[in-house]
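J.: I need the structure of the sequence given here:
(chains A, B and C)
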Amino acid sequence: MKRRVFAASLVGLGCSRSKLPRLNVFNWSAYVAPETVPNFEREFGVQVRYSIYESNEEMLARVFSGNSGWDVVFPTHYIVPPMREQGLLVALDALQLPNRKHLDPAFVRPGLTDYAIPYMWNATGILFNKKLQPAPESWADLWSPALRGKMTMLDDPAEVLAAALCKLGLSLNSRNPDELRAAQREALKQKPLLRAYLNSEVRDQVVAGDVMAAQLWSTTAQQAIDAAPHLGFVYPREGFPVNLDCAVILRESPRQELAHAWINYLLRPEVSARVADSMRTATANLAARPLLGPQTRNNPTLYPSTEVMARAEWFETMTPEVQRLRDRLWTEIKSA
Amino acid sequence: MKRLLPLYVIAIYAFLHVPLLILCGFSFNSSKFTVWEGFSLIWYEAMWNDGALAEATWNSLVIAIVSTVVATAVGTLGAYGLWKKNSRLLSGSMYLSLVTPEIITGIAMLATFQWAFRYLHLQLGMSTVILAHVTFSMAYVLLLVMARLRTADPALEEAALDLGATEWQAFRLVTLPMLKPGIAAAALLAFTVSFDDYVITALVAGVDSETLPMVLYAMARRGANPVVSAISTVIFVGLGMLIVVSERLQKA
Amino acid sequence: MKRLRALFLLPAWAFTLLLFLAPLGIIVAYSLQTKGVYGGVGEPWTFESYVRLFDPLYGVILLRSFAMAGAATLGCLVLAFPLALYISRSGTRKTLLLNLVMLPFWTSFLVRTYAWMFLLRDTGLINSMLLGMGVISEPLPLLYNDGAVVVGLIYGYLPFAVLPLYSNLERLDKGLLEAAADLGAKPWEAMLHVVLPLTAPGMRAAGVLVFIPSLGAYLTPDLLGGGKSMMIGNLVQNQFTSARDWPFGSALSLALMAVVMLLLWALLRRDGEEML
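T.: Numbers count the residues shown, from 1 in each chain, chains lettered A, B, ... in the order given. Alright, predicted model coming up:
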């Protein structure tokens, strides 16, 4: 009996550490500037619990149950419709988000912005070590036996299948089972040549020289190039996917006003510009663009030219049957 | 042949200990590469200043202490109960829980919590982690104490009862003192198992319950980071000292 | 008598029922349902997940897991036997030597696995040393493959192999070896024909104690295998996260548990309580 009281009091001690209102934010790694969260905490008098993840799947797995404890998460745009259908999101209150007007209209897409606010966007390409001659230019270069054991692909079903589909000259949003299986065969051919399937974790390894070429998001790639100028980035010739990471508020959140305040804060041009500058991201906030430092504003990796963007394709949400097929193909690729 | 054996033994001990010693050694390296460039404590400083790390360590300690206390109590009492009369289902479950791969117990517990939380309006957090830790630690404690009890003489308790003691008194004044070293060893095991756990904790942790192994894992996944070496050294030395101290106490 | 005992058993029963047996029941239920679109489970109830287990596409990963666990077990047995032999003959230093074997095990498993990452990566210690000495011109890919995982498994579970072998060897009658020598056997002949057969129970116990956790390993292949060298444990985790296929993950988990229980039962049947 005494032991249990003792135990309970210890637990209580651990829990009551701060009396400030709390906000729980779950975001991609390296997606806020060092001062973004502390400034918000100071201005609004709250405490923010800020955690990071490396993949949509990691975030979804936690959030799926509907009682994960998070208030604001940042899914990529094609995950938003399914999350909405599962009843995980709340419709955003436009009145609490006056800063929405700063968004780049190109990113205000139908069916999206009632529930999600575009935050940062990026595209997928190849980060490579300039020692590689000739430099990679297309997805097909990542199937080259010369790179055996020295290259990685993203640990992301949509991205790997997209690269394979583009290599075959097909749309990366293909719903055709034959095309998808052909893509899977390509991925299986590539797997023995790969070192690993890694997301942003591979950045340090490319910088260190462990990995010579990696399928990577432009943001992470730019962070690597900053750390090691002997790296280069290229948007493949066959086409590449574009991702828009958005902020959403979970239905389970008991702090929806505060969550709206957080999103509105992120929409401030100066805040968005600071994040984009310090973390080398591409912001969806139009009003923030003029505030960007020259290095970020004209950076071809982060803001590719229109000719390059002509090759890009936005990820689309799949229907349930197609998603099921894609998921199963991914399992088979991973277990081979 | 006879002369080769000692050499072989030295080689095996080297295999067991050298990787850790190297890791600890390089945590004092001033550069982050694997070329020794001078003695430095910068990584320990970085580790000390990391707020998230401090919070995670605190969480790990709280979880380990609470779950050890509860698991030791539950396990000891359970072992005593089973000693009096065995229940094949219960002891079988204990063995089963020890051999079940952690990933499976973790996922099963997560599924259970998520199902329960549909009706209870609770969330994953420190309490779910502690409950999970008690569950797997309890099996270790119970089996260890039961092993001890098997060497005990039931006649002693019977004698106490004959002399007028109640069952509770017989347990508390006769059997329990004899079990103390076994209980202490079991508690130590429960503590180290809980403090070190990653797989189950990562699955059932919530927003506010990041533990030290979780932080360590995230950093290790992200690549070569000398701060991880510093943290590892501290953990290794800390747990090592705990073991040595407890062994000494037991002998005394 | 009975009431006190019932009271003492109550907490243990509560935890076991609610947090071990009930979860297993839920997993069984999940394994019989169908996958939801973005995770979760739903109707209809079906055996499809179990049928899929026999699909040759997954056969590779199951075979690989068994092969790697088997390699780790063999490695541990071979490495542990001479060590256990030496310790059992060390007289007063036995406890110290045993403690030295167990010491790494007592410290963090994560730390020990990371130590191997530190050694094996391209910019890790082994490669820098070899490059520095001019033995190789390019780093060897020592990490992120099956070999690295097996080394990690051996390193992690070697202590588990030493203990049962040691206790078996310690109980051997030294007189048997003397008798063999008297009858003219050379030392290695005595080892082969007398000692080894008598340590069979210890070897079986050590083998099972290493094989079972190796088969269900998750952290080691995750950190040392790089997402490529997957074992069953990783596949199960994958099903509950990125592949969003809980029913299949559950069926896989139950299949793994069945194998583990079968092995354990086979061992206990043969060697019984003395192993414990």
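
J.: Give me the below-cutoff pLDDT ranges for the chain.
T.: Going with chain A. A:1-18 (pLDDT under 70).

J.: ah, I was thinking of chain C
T.: Along chain C, segments meeting pLDDT under 70 span C:1-2, C:37-39, C:271-276.

J.: By residue count, what's the longest helix in the chain?
T.: Defaulting to chain A. helix A:320-335 (DSSP state H).

J.: switch to chain C, that's the one I care about
T.: Max-length helix for chain C by DSSP H is helix C:56-88.

J.: that older thread, any residue of the longest helix of chain A up close to chain C?
T.: Yes. Judged by Cβ under 8 Å from any Cβ of the partner chain, helix A:320-335 comes into contact with chain C at A:320, A:323-324, A:327-328, A:330-332, A:334-335. Every residue, glycine included, has its C-beta placed from N, CA and C.

J.: What parts of chain A come near chain C?
T.: Within chain A, the positions adjacent to chain C are A:55, A:57-58, A:60-61, A:64, A:82-83, A:86, A:149, A:155-157, A:191, A:194-198, A:205, A:208-210, A:320, A:323-324, A:327-328, A:330-332, A:334-336 by Cβ under 8 Å from any Cβ.

J.: ok, whichever residue of chain C sits closest to chain A - how many residues close by?
T.: Of all residues in chain C, C:Gly226 sits closest to chain A, at 3.0 Å by Cβ to the nearest Cβ. Applying other Cβ atoms under 10 Å in any protein chain shown, we find 23 residues neighbouring C:Gly226.

J.: What sits closest to C:His72 if chain neighbours are left out?
T.: No, residue C:72 isn't His; it's Ala. Counting by Cβ to Cβ, 6 or more residues apart in numbering or on different chains, C:Ala72 lies nearest to C:Leu153, which is 3.7 Å off, once chain neighbours are set aside.

J.: and that neighbour, how far is that from B:Leu189?
T.: For C:Leu153, the distance to B:Leu189 (Cβ to Cβ, to the nearest Å) stands at 22 Å.

J.: which of these two has more neighbours?
T.: For C:Leu153 versus B:Leu189, neighbours defined as other Cβ under 10 Å are more numerous around C:Leu153 (28 against 19).

J.: Most proximal residue of the stretch 51-200 of chain B with respect to chain C?
T.: B:Pro101 (2.5 Å).

J.: so who does that residue touch?
T.: C:213, C:215-218, C:233, C:256-257, C:260 (Cβ atoms under 8 Å, 6 or more residues apart in numbering or on different chains).

J.: which of these lies closest to B:Ile63?
T.: B:Ile63 has its nearest neighbour among the contacts of B:Pro101 in C:Tyr218, at 19.9 Å by Cβ to Cβ.

J.: need the contact list for that closest one.
T.: B:101-103, B:199, C:231, C:233-234, C:237.

J.: Could you do A:Pro145 as well?
T.: By Cβ under 8 Å, 6+ apart, the contact set of A:Pro145 is A:Leu193.

J.: which residues touch residue 77?
T.: The chain I'm using is chain A. A:109, A:112, A:116, A:118, A:243-246, A:314-315.

J.: nope, chain C please
T.: Counting by Cβ under 8 Å, 6+ apart, C:Leu77 has contacts C:161, C:165, C:203, C:206-207, C:210.

J.: out of the contacts of C:Tyr218, who has the most neighbours?
T.: Top of those by neighbour count (other Cβ under 10 Å): C:Met231, with 30 neighbours.

J.: Next, count neighbours for A:Ile225.
T.: Per other Cβ under 10 Å, the neighbour tally for A:Ile225 reads 19.

J.: looking at it, it is touching A:Phe233, isn't it?
T.: Yes. Under the criterion of Cβ atoms under 8 Å, A:Ile225 makes contact with A:Phe233 at 6.4 Å.

J.: shared neighbours, the two?
T.: Listed as contacting both A:Ile225 and A:Phe233 by Cβ under 8 Å, 6+ apart are A:127, A:301.

J.: what's in contact with stretch C:40-53?
T.: Here stretch C:40-53 has contacts from A:64, C:30-36, C:58, C:246-248, C:250-252, C:255, using Cβ under 8 Å, 6+ apart.

J.: Chain B: which of the residues you listed is nearest?
T.: Looking across those and measuring by Cβ to the nearest Cβ, the closest to chain B is C:Tyr30, at 6.5 Å.

J.: Which ones, among the residues of chain A next to chain C, also lie beside chain B?
T.: Checking the residues of chain A next to chain C against chain B (Cβ under 8 Å from any Cβ), the matches are A:205, A:208.

J.: show me what contacts A:Val160?
T.: A:153-154, A:187, A:197, A:215, A:330, A:333 are the contacts of A:Val160 under Cβ under 8 Å, 6+ apart.

J.: can I get these in a markdown table with neighbour count and secondary structure?
T.: Below are those laid out as a markdown table (neighbours: other Cβ atoms under 10 Å in any protein chain shown; DSSP: H, G, I helix; E, B strand; the rest coil):
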| residue | neighbour count | secondary structure |
| --- | --- | --- |
| A:Met153 | 28 | strand |
| A:Leu154 | 23 | coil |
| A:Ala187 | 24 | helix |
| A:Tyr197 | 22 | strand |
| A:Gln215 | 27 | strand |
| A:Trp330 | 24 | helix |
| A:Ile333 | 23 | helix |
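
J.: so which two of those are the farthest from each other?
T.: Distance extremes for these: the farthest pair is A:Gln215 and A:Trp330 at 14.7 Å, using Cβ to Cβ.

J.: and the helix or strand hosting B:Ser137, does that touch chain C?
T.: Assigned by DSSP states H and E, B:Ser137 falls within helix B:126-150. Yes. Interface with chain C: helix B:126-150 contributes B:131-132, B:134-135, B:138, B:142, B:147 (Cβ under 8 Å from any Cβ).

J.: Having no further points to raise, I will conclude here.
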